[in-house]
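Peer 1: This is a predicted model, with the sequence first.
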Amino acid sequence: MDRKEKIIKTIKKSDKPISASKLAAQFGVSRQIIVGDVALLRASGYDIIATPRGYILDDQNSECVYTIAVKHGKDTLADELYTIVDLGGSIIDVIVEHPIYGQLTGKLHISSRYDVEQFLKKVNNEQAKPLSQLTDGLHLHTIQCQNEDVFKRIMQALDDKGYLFTK
């Protein structure tokens, strides 16, 4: 079995994201070699996603997936994300419509309070602006839920907090 086959097997059997650095240490190569291997795996059809915590395989088909429109400021970003994960949702991505570049998508893969905290730390440490600030707070999220009831609870909570965009 070659290294790329071992990488895909390792990612498949893991229940959490695996960083390129961890894979590099496991296979005795550089992180850049792993990044290249993952690029080749993607090109051969594997739907590998790079999250802030590492690589995962995209398995969106296993549960209910919805796209929601929300609008809020940076000061309520944490509350929006916590609301979704606390009610059982996973935030797959954020999407904005840029006037020059068209649709921009940022992969998030946030499923827990820990993931939210890590994301917020990264935003603060990098002094980066969330994509939603490019569009005055208006953005879409693809969210994944176990069932429609979970989705309805999330939507109600976001609506109660005034985050849903309904115009």
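Peer 2: Nice, thanks for sending it over.

Peer 1: Got phi/psi on K71?
Peer 2: phi -150, psi 130 (degrees, to the nearest 10).

Peer 1: close enough to count as contact, it and K161?
Peer 2: No: using C-beta atoms under 8 Å as the test, K71 is too far from K161 to be in contact (11.4 Å). In short, each C-beta sits where N, CA and C put it, glycine included.

Peer 1: Residue ranges in this structure under the pLDDT threshold?
Peer 2: Judged by pLDDT under 70, the chain has its weakly predicted residues at 59-63.

Peer 1: Compare K71 and K161 and say which one has the larger neighbour count.
Peer 2: Neighbour totals were compared for K71 and K161, and K71 leads with 18 against 14 (other C-beta atoms under 10 Å).

Peer 1: Just list whatever residues bridge to the more buried one.
Peer 2: Counting by DSSP bridges, K71 forms beta bridges with L138.

Peer 1: what's the distance between it and A157?
Peer 2: 15 Å (C-beta to C-beta, to the nearest Å).

Peer 1: How about the contacts made by Q32?
Peer 2: By C-beta atoms under 8 Å, 6 or more residues apart in numbering, Q32 lies in contact with nothing.
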